[in-house]
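K.L.:
Okay, predicted coordinates and the sequence, questions at the end:
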Amino acid sequence: MGPLGVLEDHAGFAVGLCALHQATGEAEWLTWARELVALIPEHFEADGRLHATAGVVQDLPVRPQDLSDNPHPSGSSLALEAFLTVGHLTNDPELLERAEVVATGSMELVRRAPLGVGSLLATSTAFLAPREVAIVGPDPEPLLAVFREGYRRGTVVGFAPSPSPEIPLTEGRPGDGTRAYVCRGFVCDAPVAAPDALRGALEPE
């Protein structure tokens, strides 16, 4: 086994792979992100908490935790974002439960020093009302352009020319032409085909 790095490496890389998947529609990036996220509990979790270093590191008197956000997010904040993003891209309740554990475990720090966990709070707040957008059909670009008009924190997108098990958001969504499905916690509205209709469906409630 090669070097495992630290929690920040794994979680940040997974978040980046999710962004790449959502930008390109290529399933391999999501597959890789899922594999990385699966390593986090295995190597960095102990006693119900995430630690900055992997458990295979034996020469540390204390395994540190990485909780405070500085100019860049902490390992815990990135892990929260990774669990939430991959969980919503793949409809994986176990990952969403792990995200809740991470957020709950940081509540004492949130109460004592909220300015030190800005990224964690931003991620938690964004996913209070999560949305999943699936775009399926041979010409996704007009609908994707609408999705990309703004920064949609707490919203994930999966797209493919036809339903694909490698892109879980697109599974079970056949139909003529290209359709977009806007879902809230995996409960979906009726599909839309027109960009203006998708724009309206994505408006804040």
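P.N.:
All right, it came through fine.

K.L.:
From now on I want contacts and neighbour counts done on CA atoms only, so please keep to that.
P.N.:
Will do.

K.L.:
Return the residues in contact with Arg49.
P.N.:
For Arg49, the contact set (CA atoms under 8 Å, 6 or more residues apart in numbering) comprises Val102, Gly105.

K.L.:
Need the phi and psi values for Ala46.
P.N.:
phi -160, psi 140 (degrees, to the nearest 10).

K.L.:
Where does the prediction get shaky in this structure?
P.N.:
Applying pLDDT under 70 to the chain flags residues 1-4, 48, 55-64, 205.

K.L.:
just the strands in it please.
P.N.:
All strands of the chain, identified by DSSP state E, fall at 45-46, 49-50, 131-136, 155-160, 179-184, 187-188.

K.L.:
export these to CSV and tack on distance to Glu8?
P.N.:
Shown next, in CSV, are the strands of the chain (distance: least, CA to CA, whole Å):
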stretch, distance to Glu8
strand 45-46, 13
strand 49-50, 11
strand 131-136, 25
strand 155-160, 22
strand 179-184, 29
strand 187-188, 32
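
K.L.:
what residue is smack in the middle of the protein?
P.N.:
Thr85 (0.9 Å; CA atoms, centre = their mean).

K.L.:
Quick check: that residue touching Val156?
P.N.:
Yes. In this structure Thr85 lies within contact range of Val156 using CA atoms under 8 Å: 7.0 Å.

K.L.:
Compute the number of surrounding residues for Gly175.
P.N.:
12 (other CA atoms under 10 Å).

K.L.:
for Glu100, same thing?
P.N.:
Neighbours around Glu100, by other CA under 10 Å: 15.

K.L.:
If anything else comes up later, I'll come back, but that's it for now.
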